[in-house]
Each structure stands twice: as C-alpha cells, then as structure tokens.
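Engineer: everything below, folded, please.
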Amino acid sequence: MYIVVEGIDTCGKSTQIELLSLTYPKAIITKEPGATELGAKIRELVLFSDGLCSVTELLLFLADRSNHVSSVIQPNLGKLIISDRSLISGMAYALASNKFDFEWLETLNRFAMQDIMPDAIILFQIQENTLTERLGGKSHDVIEQRGIEYMINVQKQLVYVSKKLGINTLFIKAEDSIEEIQKQINTFIGKQL
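Structural biologist: Down below sits the predicted model:
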C-alpha cells in the first residue's frame, strides 16, 4: 500500500512520519523531493536557487518524481510505503503559480509516475495564524519566502487536487495534539490495510 502524507511546511508531517516509522518498522519511509541521490541534488537546486521560472521548477520536480517512482516506489509495491509528499504536492504547488491547468498537470504527473498512484492520502491542514506563528521561528527556503498567502493557496490546492483525483483522503487538523493526530492516522492506516 502506497500512502502519502501531504501538507504545507510546518504543519506537522515530519513529526507524524517519524512516529509512523516506529509504529510500522517494516514500512518503506521515503520523501519527495530528495529520497534518491538525484532527488537530493534536485531538492537543493529548487529550494535554494533564486530565479527559477515556474516551468523549470515543475520539470525539475517531475524529474525527481520519475526517478523516485522508478527507484523507490515501484520496487516496493506490495509493501507499506509511506511518502512525505507526492504528485499531490507537485500539482498543488504548480497550480498555485496560476500558470498550469489541472488536466495537463495530471497527464505529466501520471507519465512521470508510470501511472502508479497513491492508494491513500493523509492531508494536514493548518490555520493561517498557526502557520504564521510556526514560520516565524525558522529560516525560510525559496518556496517559504513566497509568503503566507502563497502557502495558504497551496494548501487550498492540496485539498482540490486530492478531491479531484478521487483518492481516499484523511484530513487532519494540524492544531490537534500530536497524540490525537497519531491516533487518527493509525486508525486510518489500519482500515486501509
């Protein structure tokens, strides 16, 4: 089963993925971008380069996604795979730029993923005031520097993409306690398995 954990930065994904790795020690824990050697280079390039146009950024993320699917996802189908981000994020960030349409992005992503789609999505949603507070305490990469309004738009696009693709989705309130979120996620995964 291929499960993806989605949400904008500071929403609590990393904490819950770490807890999932303890609950499911045999699971394949991975991420986009950056799970492979090529992906790590692409991640560095995208997150810390100024001036990349939206098309270049999209194509770099698609290259990472294609390599990730070929190297990590496809060889482990049949096992529990938990990925920090996926095409859901890729499409949401691209849609937030207002330069691409959904159908075209879906076609490109399905091509990059060899039509291997997630079985389920765990989608964190964070309120604007909480996001502002959490972002205030950390340094920002190029994407986070686009501002709160942009990040909230990306979050709206994450919801839109997950619903439009029709993938079973668990919506998580990022403001809930770590323990409550963990309980919701474990119940959801248990039902999927």
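Engineer: the helices in the protein, which residues?
Structural biologist: 13-23, 37-48, 54-68, 87-96, 102-112, 128-135, 148-165, 178-192 (DSSP state H).
Engineer: what helices and strands are in contact with the third one?
Structural biologist: The helices and strands touching helix 54-68, judged by 3 or more Cβ pairs under 8 Å, 6 or more residues apart in numbering; DSSP states H and E, are helix 37-48, helix 87-96, helix 102-112. Using the backbone N, CA and C atoms, a C-beta is placed for each residue, glycine as well.
Engineer: what average pLDDT does the second one get?
Structural biologist: The reference is to helix 87-96. Average pLDDT, helix 87-96: 96.
Engineer: what's the angle from that helix to helix 37-48?
Structural biologist: Calculated by axes from the mean of the first three to the mean of the last three Cα atoms, to 10 degrees, helix 87-96 forms an angle of 30 degrees with helix 37-48.
Engineer: next one: helix 87-96 to chain centre, how far?
Structural biologist: The gap between the average C-alpha position of helix 87-96 and the chain average comes to 9 Å, counting by Cα atoms, centre = their mean, to the nearest Å.
Engineer: you'd agree residue 181 is up against residue 17?
Structural biologist: No - the pair residue 181 and residue 17 fails to qualify as a contact (Cβ atoms under 8 Å) at a distance of 11.4 Å.
Engineer: leaving out chain neighbours, which residue sits closest to residue 45?
Structural biologist: Leaving aside its sequence neighbours, residue 45 sits nearest to residue 60 (Cβ to Cβ, 6 or more residues apart in numbering; 6.4 Å).
Engineer: same check on residue 90?
Structural biologist: Using Cβ to Cβ, 6+ apart, the nearest residue to residue 90 is residue 61, at 5.1 Å.
Engineer: just checking, that neighbour touches residue 33?
Structural biologist: Yes - the criterion here is Cβ under 8 Å, and residue 61 meets it with residue 33 at 6.2 Å.
Engineer: overlap in contacts, the two.
Structural biologist: 42, 46 (Cβ atoms under 8 Å, 6 or more residues apart in numbering).
Engineer: would CSV of the helices and strands packed on helix 54-68 with mean neighbour count be doable?
Structural biologist: Formatted as CSV, the helices and strands packed on helix 54-68 follow (neighbours: other Cβ atoms under 10 Å):
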stretch, mean neighbour count
helix 37-48, 16
helix 87-96, 24
helix 102-112, 15
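Engineer: TSV for the ones you listed, including distance to residue 25?
Structural biologist: Output for the helices and strands packed on helix 54-68, formatted as TSV (distance: least, Cβ to Cβ, whole Å):
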stretch	distance to residue 25
helix 37-48	23
helix 87-96	25
helix 102-112	30
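Engineer: any idea which of those gets closest to residue 125?
Structural biologist: Nearest to residue 125 among those is helix 87-96 (12.2 Å), distances taken as Cβ to Cβ.
Engineer: relative orientation of that closest one and helix 102-112 in degrees?
Structural biologist: 140 degrees.
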